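Participant: Next one to model:
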Amino acid sequence: MALLFAGMAIFAQNINIESEVRMLALGDSYTIGESVQTSQRWPHQLMAALVELGREAEDPDYIATTGWTTTQLIQGIDMYLDRDKKYNLVSILIGVNNQYQGLDISSYEPELKKIINLALDVVHQDASRVFILSIPDYAFTPFGAGKSSISEELDAYNAINQRLASEYDIAYIDITPISRNGLKDPSLVAIDGLHPSADQYKQWIGKILPSLELRETTDP
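Facilitator: As a prediction, the model looks like this:
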């Protein structure tokens, strides 16, 4: 029997959440929470929200480093993944550094596919336990200074990750519109003038929660 979270999802796939949640967060500075405290990172905030909903949730594990591209995340998973640990939830948020470093966008899709496949391996090919977040738009920060070229390039990256989420039947959380409030609402930007603040990450959680399907039984 499944207990559905109020405000059910508009996404093609929901995210299965068991009674005991063990999460692995894959990504870059947006996942590791550059310029915010550990408890303020969005994966930590998500686990705290699940505890409030009556789940048992450990602190998430991270394979994420500021500045990582898709290539580096693949290498990081190979180096740091604890294959003896049983995770039942994996998040993916990656690509901004491909754009920022001016890498050829043609490499993004095949490398993101590899990351998705690695994530699926972690959860025994259960697509309902993997989700992808869109890339925030740092044009809407003091650092980005409203440059439209940044937004246009990130839109191209997000078109790819959204399409792949659909192809793999993985939940897709579009948090980019939230990030685009950063110039008119400075509270959404961290003290470094570039990364999301704890308040912005909290709004991301508000986008994630409606996609959850809270199950009453634990996984095998």
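Participant: Quick check: longest helix in this protein by residues?
Facilitator: With secondary structure taken from DSSP state H, the chain has its longest helix at helix 148-168.
Participant: Adjacent strands (with direction) for the helix or strand that it is followed by?
Facilitator: Tracing the chain C-terminally past helix 148-168 and defining elements by DSSP states H and E, one meets strand 171-173 next. Here the strand partners of strand 171-173, with direction, are listed using DSSP bridges: strand 130-133 (parallel).
Participant: Show the residue spans covered by the strands in this structure.
Facilitator: 2-4, 15-17, 20-21, 23-27, 56-57, 61-64, 89-93, 130-133, 171-173, 212-215 (DSSP state E).
Participant: ok, how many other residues are close to L93?
Facilitator: Neighbour count of L93, defined by other CB atoms under 10 Å: 26. Where C-beta positions appear, they are placed from N, C-alpha and C, glycine not excepted.
Participant: hang on, it packs against S29?
Facilitator: No. Checked against CB atoms under 8 Å, the pair L93 and S29 is beyond contact range at 9.7 Å.
Participant: Could you pull out the helices in the chain for me?
Facilitator: In the chain, the helices defined using DSSP H lie at 29-32, 42-52, 70-80, 96-100, 108-122, 148-168, 176-179, 198-208.
Participant: Just put those in JSON lines and tack on mean neighbour count, mean pLDDT and distance to E58.
Facilitator: Output for these, formatted as JSON lines (neighbours: other CB atoms under 10 Å; pLDDT from 0 to 100; distance: least, CB to CB, whole Å):
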{"stretch": "helix 29-32", "mean neighbour count": "23", "mean pLDDT": "98", "distance to E58": "17"}
{"stretch": "helix 42-52", "mean neighbour count": "20", "mean pLDDT": "97", "distance to E58": "7"}
{"stretch": "helix 70-80", "mean neighbour count": "16", "mean pLDDT": "98", "distance to E58": "17"}
{"stretch": "helix 96-100", "mean neighbour count": "20", "mean pLDDT": "98", "distance to E58": "27"}
{"stretch": "helix 108-122", "mean neighbour count": "18", "mean pLDDT": "98", "distance to E58": "15"}
{"stretch": "helix 148-168", "mean neighbour count": "16", "mean pLDDT": "98", "distance to E58": "25"}
{"stretch": "helix 176-179", "mean neighbour count": "19", "mean pLDDT": "98", "distance to E58": "26"}
{"stretch": "helix 198-208", "mean neighbour count": "18", "mean pLDDT": "97", "distance to E58": "17"}
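Participant: Of these, which is nearest K86?
Facilitator: Taking CB to CB as the measure, those were each checked against K86, and helix 108-122 came out nearest at 8.9 Å.
Participant: Need the residues that contact that closest one.
Facilitator: For helix 108-122, the surrounding residues in contact (CB atoms under 8 Å, 6 or more residues apart in numbering) are 24, 26, 70-71, 73-74, 77, 81, 87, 90, 92, 94-95, 98, 126-127, 130, 132, 157, 160-161, 164, 168, 170.
Participant: Kindly recompute the last result at 7 Å.
Facilitator: Helix 108-122 is contacted from outside by 24, 26, 70-71, 73-74, 77, 87, 90, 92, 94-95, 98, 127, 130, 157, 160-161, 164, 168, 170, using CB atoms under 7 Å, 6 or more residues apart in numbering.
Participant: do stretch 98-107 as well
Facilitator: Judged by CB under 7 Å, 6+ apart, the contacts made with stretch 98-107 from elsewhere in the structure are T69, T70, Y108, E153, L154, A156, Y157.
Participant: from those residues, which single one is nearest S179?
Facilitator: When these are compared for distance to S179, the smallest value, 9.3 Å, is given by L154; criterion: CB to CB.
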